[in-house]
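*Asks:* next one to model:
(2 chains)
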Amino acid sequence: MDETYRPQEIEPRWQARWRAAKVGEVDLHGAQRPYYNLMMFPYPSAEGLHVGNVFAFTGADIHGRLRAMQGYDVFEPMGFDAFGIHSENTAIRLGIHPKELVAQNTQNFRRQLERLGGRFAWSHVLDSTDPAYYRWTQWIFLKLFEAGLAYRKEAPVNWCPSCRTVLADEQVISGRCERCDTVVEQRNLEQWFFKITAYADQLLDDLADLDWSEVIKTAQTNWIGRSQGTALTFSVLEPAHGQIEVFTTRPDTLYGVTFLTLAPSHPLALAIASAQCRPEVERYIAEAARREEAGSGERAKTGVQTGAFARHPLTQAPLPILVADYVLAGYGTGAVMGVPGHDQRDFAFAQAMGLPVTRVVAASPPDQGPLLEAYTDEAGVLVNSGPYDGMRVADAKQAITARAEEDGFGRAETTYHLRDWLISRQRYWGPPIPVVYCEACGVVGVPEAELPVLLPESEDFVPQGTGASPLASIPDFVNTRCPRCGGPARRETDVSDNFLCSSWYFLRYPSHPAVTDRPFDPDLVAKWLPVDSYIGGREHAVLHLLYTRFICFALHDLGWLPFAEPFRRFRAHGTITKGGAKMSKSRGNVVTPDALFDRYGADVTRLYLMFLGPYQEGGDYSDRNIEGVWRFLQRLYQLVTASRGGVENCQPQHLADLHRVVKRVGDDLEALKYNTAIAALMEYTTYLRQRQEPASQQELRTLTLLLAPLAPHLAEELWAKLGGAFSVHSQAFPTYDPAQLVARTATVVVQVDGRVRDRLTVPAGSGQQEVADRAMALPSVQKHLQGAQVERVVFVPDRLLNIVSAS
RNA sequence: GCCGAAGUGGCGGAACGGCAGACGCGCCGCACUCAAAAUGCGGUGGGCAUUGCCCGUGUGGGUUCGAAUCCCACCUUCGGCACCA
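*Replies:* Residues are numbered from 1 along each chain as shown, chains lettered A, B, ... in the order given. You can find the predicted model right below:
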């Protein structure tokens, strides 16, 4: 009998059998214990699956397989997020139509995923570029539009000159395009937005109750950036032109205001400028617009006087109004009160512009010297603040806000870092935004019955940089009739952000492809959602995961979903690096799994990646360590094949070891600690191989079952060899009996003054007195005690005895 | 600057108040072999040493009978955000 492990022979054979037996498929309507095991919707890149994807999917698949063996009806779907700039940019570069490219890539991805041996429910596979799918993506847009949650406005937006489209705030990373790393510019454009800010509080407050990796919750908290403060209104004195509202978190420093600053795009910036100052202001605003790059970081402070003044609401003093680009247009009201004494940016600006600095908060004892930098510490009391002198900062914040409310020049207010989600893209490869512009009726949503608005087939898909989508140059697409009045109308030519496609895919999976008359079947949604487990990358903390929550909140409020939060549990897996760097095509360090599959098979590849380090931390890929896993599976294979047909039951003296490994592996798999689960299996395999008595069938079967989630093909093969019925993956995962874990003897560490001096083997559960008596008699203990008095004895039953001497 | 995570052998990592370095890689020795590969068995933190002992988890303090683990301060690295008033 050949006893060599040959994955290349085993793996295709079982994959074919699984396919035939439909082991990944679930009876969605009839399932007794539904468990939705979700992993992230992959973008099928031209390079194919890389080991980072394999790592991510394997960890999630192990979880699904464990749950399946625990008796759950696991639904583990897979699909392809194939719309979007990434696919489109690759298509442009290769000179292939994205449709063609996506078909190739999807096929390749699926081939690789099948080789990996995931228990995917392939009958539900989704493709976001399929009109049968994006019809409903457009439907979601319409529902939000009807609810007033999708709106058009002109605003300063992020423009990527390389991708030739606008981007959402979340897609700008340190001032650069998330996709192509080009520095992003600011442009004032009229665009479609989703009103995600309407849900800012809920997005933030619900986080407390979510079972999610902390790292993601923190990132979302920071991104939402809720800030409690006070809105204050200043009247413009000269020329008399209405009012300027500012937002501040430091109303206590109101007496320290020496000027007001407006963002260059503030509506009053030009309006209030005096005739004398107007040319300068115009020049500055124009320059700022040209220079302004989103998130370009701190620069030297510049600005200009408007010649206008505002009245201080309490002192009535005139305050000069300036325009400066250090004030962000998109945050708060686009205007700030300048408190150079207590804000570092205002201080730098005051220095640059020669504006006065007043101290209104002093630490105690009060230091009186001139301020050399802003005093931003909130520890201290007010000075130079009229009736508020001597008040502590926290109290003064309240008192001055209360005064503002009484006198009608302000109120407590909350602002957010989160902005509305810009969803228009001036690109070709996406779902067209289902809206038409009618001269008579204005903006009209495409009626539901007319969906999908098909993306027209066109060879001219390269964006021209005109600020319009390539769709704008297809007259047959643009020219249409108004669905309301039947008159001539133009279609919206922008497509929607790819993140809209991926913000609801998991709602569709159970219903796809059978349900065609609505996006998702309410019964299936009620049965399978929210998702029980979602495992994915942390890079989506403020993109996909935030957008998705928003879409579900909105659909919930509109009555389409019975829940608001889509994911009960989310776990962020780690990242696989190569040579310490993130894998990327530009670095040329991308490792694909095909060579590993060819040489070692899927099981070794799976185990190797899981053994690299803690799943939730990731690790650095190097092909050095893979041999160890290969050897382990060889030994395991030989152990099982060679010991077949031995005694049935585990001998009583070996039961504790058996139950211990069941507990270790079970607990570790549950906690996603796959590296230590594998280590435990390695130890147990070595133990069975080296033990005097040959392994019993019970022990071998248990070992095989424990292995099944991690190495599904090998486990299936060994299970069959042991005479088990197909399939190992529908067997119950082993459980342990805590009573069996109790060992008969224990090794107690004997310490003298906290240092290990000896070990004693004692009957389990021995009392302190008997252990101490034996320990005191040990020569090693006597030697270190050197006749000193024993001050106390610390005893941890079955583990440790520490004799503390008086010296 | 702010937020987060992490610093343990030659390397990946384990232990997360109680025997530091599980498991694996690499390396060394032995067996098998004409030989090599493969495989198996043993060893492998550093120092001193004849049983044994001392030192050792980024640095400095602290709590404790006992700290890699808890607390305080600092250093370094890696992520994320960054003129957010």
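*Asks:* which residues touch the host helix or strand of residue A:233?
*Replies:* Element membership for residue A:233 (DSSP states H and E) is strand A:227-238. Outside strand A:227-238, the residues that touch it by CB atoms under 8 Å, 6 or more residues apart in numbering are A:242-251, A:254, A:260, A:268, A:272, A:274, A:308-313, A:318-319, A:321, A:333, A:337, A:397, A:400-401, A:404, A:409-417. For the C-beta atoms, the positions are set from N, CA and C on the backbone; glycine is no exception.
*Asks:* near RNA strand B too, which of those residues?
*Replies:* A:247-250, A:337, A:415, A:417 (CB under 7 Å from any atom of the strand).
*Asks:* is it fair to say residue A:275 lies in a strand?
*Replies:* No. According to DSSP: H, G, I helix; E, B strand; the rest coil, the state of residue A:275 is coil, so it is not within a strand.
*Asks:* how about the strand holding residue A:233, does it reach RNA strand B?
*Replies:* Yes. On the criterion CB under 7 Å from any atom of the strand, strand A:227-238 is in touch with RNA strand B at A:227, A:229.
*Asks:* re the thing from before, who wins on neighbours among the ones next to RNA strand B among the contacts of strand A:227-238?
*Replies:* Neighbour tally across these (other CB atoms under 10 Å): the maximum, 25 neighbours, falls on residue A:337.
*Asks:* that residue bridge partners, please.
*Replies:* On the basis of DSSP bridges, residue A:337 is bridged to residue A:260.
*Asks:* only the buried subset of the contacts of strand A:227-238, as a PyMOL command please.
*Replies:* Listed next is the PyMOL selection for buried residues among these, using 16 or more other CB atoms under 10 Å:
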select buried, chain A and resi 244+246+247+248+250+251+254+260+268+272+308+309+310+311+312+313+319+321+333+337+397+400+401+404+409+410+413+415+416
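*Asks:* out of the contacts of strand A:227-238, list just those in strands.
*Replies:* Mapping the contacts of strand A:227-238 onto strands (DSSP state E) picks out A:243-248, A:260, A:308-311, A:318-319, A:321, A:337, A:410-415.
*Asks:* grab the nearest non-local neighbour of residue A:307.
*Replies:* residue A:274 (2.9 Å; CB to CB, 6 or more residues apart in numbering).
*Asks:* how near is the one you found to RNA strand B?
*Replies:* From residue A:274 across to RNA strand B, the span is 24 Å (CB to the nearest atom of the strand, to the nearest Å).
*Asks:* backbone phi and psi for that residue, please?
*Replies:* Dihedral pair for residue A:274: phi -70, psi 160, per degrees, to the nearest 10.
*Asks:* before we move on, what about residue A:783?
*Replies:* Per-residue torsions, residue A:783: phi -60, psi -40 (degrees, to the nearest 10).
*Asks:* show me which residues of the stretch 101-250 of chain A sit near RNA strand B.
*Replies:* Within reach of RNA strand B by CB under 7 Å from any atom of the strand, the stretch 101-250 of chain A has these residues: A:169, A:172-174, A:214-215, A:218-219, A:222-223, A:225, A:227, A:229, A:247-250.
*Asks:* does the residue nearest to residue A:307 touch residue A:320 like I think?
*Replies:* No. In this structure, residue A:274 is not within contact of residue A:320 by CB atoms under 8 Å, at 11.0 Å.
*Asks:* identify the contacts common to the two.
*Replies:* Here residue A:274 and residue A:320 have A:306, A:308 as joint contacts, going by CB under 8 Å, 6+ apart.
*Asks:* same for the helix or strand containing residue A:67, what does it pack against?
*Replies:* If you go by DSSP H and E, residue A:67 is part of helix A:51-69. Judged by 3 or more CB pairs under 8 Å, 6 or more residues apart in numbering; DSSP states H and E, helix A:51-69 is in contact with strand A:34-39, strand A:73-75, helix A:98-116, strand A:533-537, strand A:569-573, strand A:575-578, helix A:602-611, helix A:655-670.
*Asks:* including mean pLDDT and mean neighbour count, could the ones you listed go into a markdown table?
*Replies:* Listed next are those as a markdown table, based on pLDDT from 0 to 100; neighbours: other CB atoms under 10 Å:
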| stretch | mean pLDDT | mean neighbour count |
| --- | --- | --- |
| strand A:34-39 | 97 | 24 |
| strand A:73-75 | 97 | 24 |
| helix A:98-116 | 94 | 18 |
| strand A:533-537 | 94 | 22 |
| strand A:569-573 | 93 | 21 |
| strand A:575-578 | 85 | 18 |
| helix A:602-611 | 95 | 26 |
| helix A:655-670 | 94 | 20 |
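*Asks:* and those: which comes nearest residue A:461?
*Replies:* Residue A:461 lies closest to helix A:98-116 among the helices and strands packed on helix A:51-69, at 6.6 Å (CB to CB).
*Asks:* what angle do the closest one and helix A:602-611 make?
*Replies:* With axes from the mean of the first three to the mean of the last three CA atoms, to 10 degrees as the basis, helix A:98-116 and helix A:602-611 are set at 90 degrees to each other.
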